[in-house]
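Enquirer: this one's sequence-less:
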């Protein structure tokens, strides 16, 4: 059987899909968006505060302050993951905790913790990037494509 | 024996001589905590992995059931068990400890009633004097295998369910006192084309409906014959769909005798979204709560319909829909 055939549902299946859909509560999209906005905003505000701190007290410039700021946020996120708090915050905050760099730290740390029982090499090492791996792979690839486009435009006499 | 198309009627009415339920910390805070024989404070159970913790829980449930029946493990001729782990390791490893002839089962979350139905069949046909049926699931071990790491911060939809950390075992015998297994309906695999693993209740509902309908038709029974009809782990959303679907098919089950183990096991304020799920859900609620109520005389006739979603993480990633099954076992006092 081809994939298309499997995807094609019989009329009874389609009818049931509708029947079930009418009875399934919708995700509260608006509420989730508001929560994500608040949580994401708070994380970014903390980040901004950290950057300001590094610039004011530790002599970093606006550009160089980025690295220690991100590092601090990652450490906080990993600690919260380890203490088992991050997933509870995320259930409330949704995309608010998933999108910033803290979410990325959480994917790596949670997978590493989960597979500790399978040993440090095959468990932690092998599974650490189980979720984050695709972000890295496609992130690097899209950066490469964007760089190519930029170079091409430049070579053609663009901006 | 075989009545209608899919139903076994057990003429010797095998007895559930004893049963046991073991639960984890989250179940200890749940609505049915009093019906568990052993409750653990720690999801690790002092083991160094969650998989070992699940095995330990299953072993404890089996030992406790044998102990409560006043028997030794040598008296058990056959051990039938199922769980959710890959290659049903919890069951097989517990069988290694138990050292009795073993049949491993996989029916996803329906394994609990699959085991009880087969144990009753074995005992009824005099192929054994005593058979032990068991099933288990572990919240963290199941999440790890089927979904994301436990500590991963993803937002779950309102249809998601909470896998029960628990194990249940029932000792089925030719002789003795206790609730009796009178009939069992073996379900067909039903796939209504749903594919969302965070909405198993809706996927499994048609399987439950099919099995309930077949059971009643095969035995020519009215739903009111039973004091209680309980589905395994449909959760609040799947349960509602099942009720509506049965209505549509012309089967009216009064709401006061129709319930779901996944709804009963936790308190309303526990953050389980749609309710409990997993082999451990139907196993602990049936072998703990329901059988206790039967022994107290609160229930006389009970039908448990354990539902299972027969998917794997790989089949889901390959965009397959979720095939589901349900097995019904009737227990009477």
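Expert: Happy to help now that I have it. Predicted, not measured: the structure shown is a model, and the values here were computed from it. Residues are numbered from 1 along each chain as shown, chains lettered A, B, ... in the order given.
Enquirer: where exactly do the helices run in the chain?
Expert: Picking chain A for this. Assigned by DSSP state H, the helices in chain A fall at A:3-7, A:11-21, A:29-57, A:66-82, A:86-93, A:95-98, A:101-114, A:126-127, A:132-155.
Enquirer: Wait, chain B was what I had in mind.
Expert: So, for chain B - with DSSP H - the helices run B:25-28, B:50-68, B:89-98, B:111-124, B:139-146, B:200-218, B:235-248, B:261-264, B:279-284, B:291-295, B:313-317.
Enquirer: Show me how chain A divides into domains.
Expert: Chain A breaks down by automatic domain parsing into domains covering A:26-128, A:133-159.
Enquirer: tell me the most buried of those?
Expert: Mean neighbours per residue, mean count of other Cβ atoms under 10 Å in any protein chain shown, is largest over the domains of chain A for domain A:26-128, with a mean of 17. (C-beta placed from N, C-alpha, C; glycine too.)
Enquirer: mind listing what the residue lying closest to residue B:41 once chain neighbours are set aside touches?
Expert: The shortest distance from residue B:41 to any non-neighbouring residue, by Cβ to Cβ, 6 or more residues apart in numbering or on different chains, is to residue B:25 (5.6 Å). Counting by Cβ atoms under 8 Å, 6 or more residues apart in numbering or on different chains, residue B:25 touches B:39-43, B:165.
Enquirer: quick one: which of the domains of chain A is nearest chain B?
Expert: domain A:26-128 (2.7 Å; Cβ to the nearest Cβ).
Enquirer: Do me a favour and get the end-to-end distance for that closest one?
Expert: Domain A:26-128 has an end-to-end distance of 33 Å (criterion: Cα to Cα, to the nearest Å).
Enquirer: quick one: average confidence on it?
Expert: Domain A:26-128 carries an average pLDDT of 92.
Enquirer: Residue A:21 - how many residues pack around it?
Expert: Number of residues near residue A:21 (other Cβ atoms under 10 Å in any protein chain shown) recorded here: 12.
Enquirer: ok, it to chain B distance?
Expert: Noted for residue A:21: a distance of 8 Å to chain B, by Cβ to the nearest Cβ, to the nearest Å.
Enquirer: What does the pLDDT read for that residue?
Expert: On the pLDDT scale, residue A:21 gets 89.
Enquirer: That one: what's it in contact with?
Expert: By Cβ under 8 Å, 6+ apart, the contact list for residue A:21 is empty.
Enquirer: Next: the one 4 residues further on.
Expert: If a contact means Cβ under 8 Å, 6+ apart, then residue A:25 has B:158-159, B:237 as its contacts.
Enquirer: Format those as TSV; extra columns: pLDDT, distance to residue B:220 and neighbour count.
Expert: Putting the contacts of residue A:25 into TSV (pLDDT from 0 to 100; distance: Cβ to Cβ, whole Å; neighbours: other Cβ atoms under 10 Å in any protein chain shown) gives the following:
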residue	pLDDT	distance to residue B:220	neighbour count
B:158	89	39	15
B:159	91	36	22
B:237	94	31	24
